[in-house]
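*Asks:* when you get a sec, could you give me coordinates for this:
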Amino acid sequence: MSRIGKKPVQIPAGVTVTIDGTTVSAKGSKGELTRTFSELVSIALDGDVLTVSRVDESKESNAQQGLVRTLIHNMVVGVSEGFEKKLELTGVGYRAALKGKDLDLSLGYSHPVIFACPDNISFEVPDNTHITVKGISKEQVGQVAAEIREKRPPEPYKGKGIHYEGEHIRRKLGKAAK
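*Replies:* Residues are numbered from 1 along each chain as shown. Modelled structure (predicted):
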C-alpha cells in the first residue's frame, strides 16, 4: 500500500479542481494546469478533499497511486503559490542580465549565451550573479533551471560555473597539493 498515495490532497481556498475521467484540471490565482493520468488509479473529489485510490491490487497500480497523488498535489500548489528555483553564478566575469524576457549570460565564452524564456516561466535577476526561475509547473521550473545550469556546470577545481543556491560543490585538490 502506498503511504503517500493514501494521503488526501487538501484543496485550498481559491483553487478549483475539476475531474473528467482520468483528466484533472486545477485553476487558481497563478494560472491553470491540466494533466491526464493512468487508468490504474481512480480520482475522486469530495468537497475540498481529493483522494486517489487503486483500481486493482497490482504493484504497478500501487506505484501509480503515489505518483498521481504527488503530481496532483504539485498542480494544486503550483496554481495557488507557484514554484521557484534559485541559481548562483560563481566565477570572475560570470554574470546574468535580463534582455526583455530572455536571459543574457556571460559565462566566459567568446560570445554571450542568450537563453530564451519558455511559456509559463519567468526569470528574475536580483543582482548580476543570481537568477530566480519562477512558474506554476514544478517539472517545467526544474527543467528550465537544469538547462540553464547545463550552459556552464560548476567545475571541481575552482568551483566556477552555475549552481543551485545551497548546492555543495565537491572540490578536488590541484596538482600542487598532491
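*Asks:* only C-alpha atoms for contact and neighbour calcs from this point on.
*Replies:* OK.
*Asks:* contacting residues around Ala26?
*Replies:* Shown in contact with Ala26 (CA atoms under 8 Å, 6 or more residues apart in numbering): Val15, Thr16, Val17, Thr18, Glu32, Leu33, Thr34, Met75, Val76, Val79.
*Asks:* drop anything exposed from those.
*Replies:* Buried residues within the contacts of Ala26, counting neighbours by 16 or more other CA atoms under 10 Å: Val15, Thr16, Val17, Glu32, Leu33, Met75, Val76, Val79.
*Asks:* and Ile121, what does it touch?
*Replies:* Contacts of Ile121 by CA under 8 Å, 6+ apart are Val133, Lys134, Gly135, Ile136, Gln140, Val141.
*Asks:* ok, 6 Å please
*Replies:* Lys134, Gly135 (CA atoms under 6 Å, 6 or more residues apart in numbering).
*Asks:* what's the answer for the one 4 residues further on, then?
*Replies:* With contacts defined as CA under 6 Å, 6+ apart, Val125 is in contact with Ile131.
*Asks:* any weak-confidence spans in the chain?
*Replies:* Scanning the chain for pLDDT under 70 picks out the ranges 1-2, 177-178.
*Asks:* walk me through the domains of it.
*Replies:* Domain assignment for the chain, taken from automatic domain parsing, gives 3-80, 83-164.
*Asks:* now find how far off-centre the first one is within its chain.
*Replies:* Which is domain 3-80. Here the centre of domain 3-80 is set off from its chain's centre by 18 Å, with CA atoms, centre = their mean, to the nearest Å.
*Asks:* quick one: buried residues of the longest helix seen in the chain?
*Replies:* In the chain, assigned by DSSP state H, the helix with the most residues is helix 59-80. Going by neighbour count (16+ other CA under 10 Å), the buried part of helix 59-80 is 61-80.
*Asks:* how about the strands in the protein?
*Replies:* 9-10, 16-20, 23-27, 32-36, 41-46, 49-54, 83-90, 95-99, 102-106, 113-115, 121-124, 130-135, 161-164 (DSSP state E).
*Asks:* any chance of CSV for those, columns distance to Glu147?
*Replies:* Formatted as CSV, the strands of the chain follow (distance: least, CA to CA, whole Å):
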stretch, distance to Glu147
strand 9-10, 31
strand 16-20, 31
strand 23-27, 27
strand 32-36, 22
strand 41-46, 33
strand 49-54, 33
strand 83-90, 11
strand 95-99, 15
strand 102-106, 12
strand 113-115, 9
strand 121-124, 13
strand 130-135, 11
strand 161-164, 11
